[in-house]
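Student: Just need the structure, nothing else, for what follows:
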Amino acid sequence: MASRFGQPTGRQGGPLVRTGMELAAPEGTPVRAIHGGTVGYAEGYTGLGTLVILDHGANNYTLYGYLLSLSVQRGEVVEAGAEVGRVGPSPGGPLQLYFELRIDGRSVDPVQWLKPR
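Tutor: Here you go, the predicted structure:
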């Protein structure tokens, strides 16, 4: 794991903390939806590169950033495990995936949701 939820961002200008996590991965690695939903956003976003936001309903979302390419488009309904894009470089250069989980619209630590069940 390149960075964890809640760590300082290291950016100047204040005590900002990460609202997601960064996972090191080889370029082109498929990125898959952790839960089914509707693609609410699928394009470039300042600071997160190419970004996909999946709306899972009830104000719950997953965000997948630093993508090299997209496999979905806005409005598309995807199943859990569907490819949403491919890993690319972060704005800082390293190859990694940005992942954020929002429950009731608030960012939460995604680690508990990524553990095998």
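Student: So what sits opposite residue 50 in the bridge?
Tutor: residue 44, residue 67 (DSSP bridges).
Student: Report the contact partners of it.
Tutor: 43, 44, 65, 66, 67, 68, 69, 70, 85, 88 (CB atoms under 8 Å, 6 or more residues apart in numbering). Bear in mind the C-beta positions are built from the backbone N, C-alpha and C, glycine included.
Student: got it, and residue 66?
Tutor: Counting by CB under 8 Å, 6+ apart, residue 66 has contacts 22, 48, 49, 50, 87, 88, 89, 90, 91, 96, 97, 98.
Student: Please report the distance of it from residue 36.
Tutor: 22 Å (CB to CB, to the nearest Å).
Student: same question, residue 44
Tutor: Residue 44 is 24 Å from residue 36, by CB to CB.
Student: Neighbour count: these two, which is higher?
Tutor: The neighbour count for residue 44 versus residue 36, taken as other CB atoms under 10 Å, is higher for residue 36 (14 against 10).
Student: so who does that one touch?
Tutor: Applying CB under 8 Å, 6+ apart, we find residue 36 in contact with 56, 77, 78, 79, 80, 82.
Student: Redo these as CSV? Include distance to residue 32, secondary structure and neighbour count.
Tutor: Formatted as CSV, the contacts of residue 36 follow (distance: CB to CB, whole Å; DSSP: H, G, I helix; E, B strand; the rest coil; neighbours: other CB atoms under 10 Å):
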residue, distance to residue 32, secondary structure, neighbour count
56, 14, strand, 19
77, 15, strand, 12
78, 9, strand, 19
79, 10, coil, 10
80, 8, coil, 11
82, 6, coil, 18
